[in-house]
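**Student:** Dropping the sequence and predicted coords here.
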Amino acid sequence: MNAKKKIFVDGMSGTTGLEIHERLSKYTNIELIKIDYDKRRDLDERKRCINEADIVFLCLPDDAAKEVVSLVENPNTKIIDTSTAHRTAQGWTYGLPELSYAHKEAIKGSKRVSNPGCHATAFILSVYPLVQHNIMSPDYPVTCHSITGYSGGGKSLIEKYEDNNKDNPYTKAPRPYSLGLNHKHLKEMMMHTGLTQSPVFLPIVAGYYKGLATTIPVHTRLLNKKLNGKELHGVYKEHYKGQKFIKVMPYIDEESLKSDEINKIIFDGGLDITACNNTNRAEIFVLGNDERGIAMIITRIDNLGKGASGAAIQNMNLMLGFEEDFNL
Ligand SMILES: NC(=O)C1=CN([C@@H]2O[C@H](COP(=O)(O)OP(=O)(O)OC[C@H]3O[C@@H](n4cnc5c(N)ncnc54)[C@H](OP(=O)(O)O)[C@@H]3O)[C@@H](O)[C@H]2O)C=CC1
Ligand SMILES: CC(=O)N[C@@H](CCC(=O)OP(=O)(O)O)C(=O)O
């Protein structure tokens with residue numbers, strides 16, 4: 001029988017670390033390397049754990065993640081970094097296996113995988129097929145807003161939202177943020193879609209725990225290929241055919257909105273952006289209005305699922321040669 005794989009989660013008491021840990025507890029074929037709670041920031045102790053491990057999950061702020069990578073001496077230790085630190089770095093593989101066969105194969109053979117950011121995951125899944133199939137030019141003026149639950153901001157933002165003070169400014173209404181238009185996911189959004197011009201990206205955080213959706217408008221006359229909404233929808237259907245975690249939802253336009261099929265998946269005329277919570281799924285909607293020559297791509301995920309810990313576990317499964325959807 002094969003020996004159990006040894007796994008260490010650095011940052012285990014944080015939002016992402018706790019979720020990864022919970023998911024790992026369902027495995028019988030791995031052994032978790034444990035660290036005393038009061039030693040969780042002790043570099044010597046962590047160095048020992050890291051170099052004993054087959055796979056290390058880094059669930060740390062960027063600087064701490066970079067510091068830890070410099071401690072790896074065991075050539076067999078594989079790293080999955082959930083931070084932003086290595087998502088555009090040389091020598092690292094971007095952990096979004098559904099983009100193409102080559103992406104998945106690269107993850108299987110990699111010792112350094114960076115887990116995509118939550119907004120970036122939904123954005124890249126929406127834009128990559130269009131650029132890749134030369135439907136959208138790499139310099140298309142992409143705009144996007146993304147609505148997210150507050151868990152995306154980790155422990156400190158969760159505390160701010162869950163403070164019961166009746167004058168708590170965070171719970172009043174959704175908050176657009178990253179107002180300098182320089183969100184930290186822009187680099188990976190460009191690099192992993194092939195876009196050569198920066199998207200105009202505005203995230204919005206709101207007073208619910210988790211669930212995220214990116215919204216990307218498309219003027220169909222500006223595309224390289226003149227596709228109507230339904231044809232655009234067909235591009236996603238074809239691109240993500242056979243992917244277990246990417247679901248291309250039925251096409252939506254004024255006509256289909258009258259159908260029972262569509263009314264089963266939307267609620268009272270609107271989209272529920274928490275519908276993928278507690279799953280590792282991304283669901284892609286294409287909305288179209290051919291008369292106006294416009295379309296909209298909406299992708300929803302659980303920011304803590306496919307946007308963080310679910311994706312990390314999926315990458316681990318691939319890197320250890322397990323079934324990709326094992327325990328997901
Ligand atoms: N929340 C989300 O939706 C997503 C988060 N991420 C990324 O995952 C990483 C972790 O985020 P998240 O779990 O939300 O953050 P949290 O703030 O919830 O947790 C951070 C963790 O890092 C530990 N930590 C902080 N500073 C140091 C340090 N200098 N040395 C060692 N340990 C340290 C904390 O330990 P302590 O218990 O001592 O505070 C805690 O365990 C981040 O890089 C984030 O960008 C990625 C995708 C989505
Ligand atoms: C609400 C909120 O603050 N969300 C975080 C993104 C969470 C995420 O994807 O994380 P990392 O890129 O840090 O891994 C943000 O926009 O910075």
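**Tutor:** Cool, the structure landed. Ligands and ions are numbered 1, 2, ... in the order given.

**Student:** where does this structure come near ligand 1, residue by residue?
**Tutor:** 11, 13-17, 40-41, 59-62, 64, 82-84, 117-118, 151-152, 154-155, 303-304, 307-308 (CB under 6 Å from any ligand atom). Where C-beta positions appear, they are placed from N, C-alpha and C, glycine not excepted.

**Student:** who in the chain is up against ligand 2?
**Tutor:** Residues of the chain lying near ligand 2 (CB under 6 Å from any ligand atom): 82-84, 117-119, 148, 150, 152-153, 157, 184-185, 203, 205, 307.

**Student:** still on that earlier bit, going by neighbour count, which of the residues of the chain next to ligand 1 are buried?
**Tutor:** Taking 16 or more other CB atoms under 10 Å as the criterion, what is buried in the residues of the chain next to ligand 1 is 11, 14-17, 59-60, 64, 82-84, 117-118, 151-152, 303-304, 307-308.

**Student:** Which residue ranges of this structure form helices?
**Tutor:** Using DSSP state H, the helices of the chain run over 15-24, 43-52, 62-69, 101-108, 118-132, 154-161, 186-191, 229-239, 260-265, 310-319.

**Student:** Buried residues, stretch 180-193. List them.
**Tutor:** By neighbour count on 16+ other CB under 10 Å, the buried set for stretch 180-193 is 183, 185-190, 192-193.

**Student:** now stretch 134-147
**Tutor:** Using 16+ other CB under 10 Å as the burial criterion, the residues of stretch 134-147 that qualify are 135-136, 140, 142, 144-147.

**Student:** For Tyr177, see how far away His183 is.
**Tutor:** In this view, His183 and Tyr177 are 9 Å apart by CB to CB, to the nearest Å.

**Student:** Over to Ser259?
**Tutor:** Distance from Ser259 to Tyr177, counting by CB to CB: 37 Å.

**Student:** what's around Ala213, how many residues?
**Tutor:** 23 (other CB atoms under 10 Å).

**Student:** same check, this time on Met296
**Tutor:** With other CB under 10 Å as criterion, Met296 counts 16.

**Student:** quick one, what contacts the closest residue to ligand 1 within the stretch 201-328 of the chain?
**Tutor:** Using CB to the nearest ligand atom, Ala308 is the residue of the stretch 201-328 of the chain that sits closest to ligand 1, at 3.5 Å. When contacts are counted by CB atoms under 8 Å, 6 or more residues apart in numbering, Ala308 touches 16, 19, 82, 115, 118.

**Student:** so who does the third one touch?
**Tutor:** For Thr82, the contacting residues are 16, 20, 57-59, 115, 308-309, 312, by CB under 8 Å, 6+ apart.
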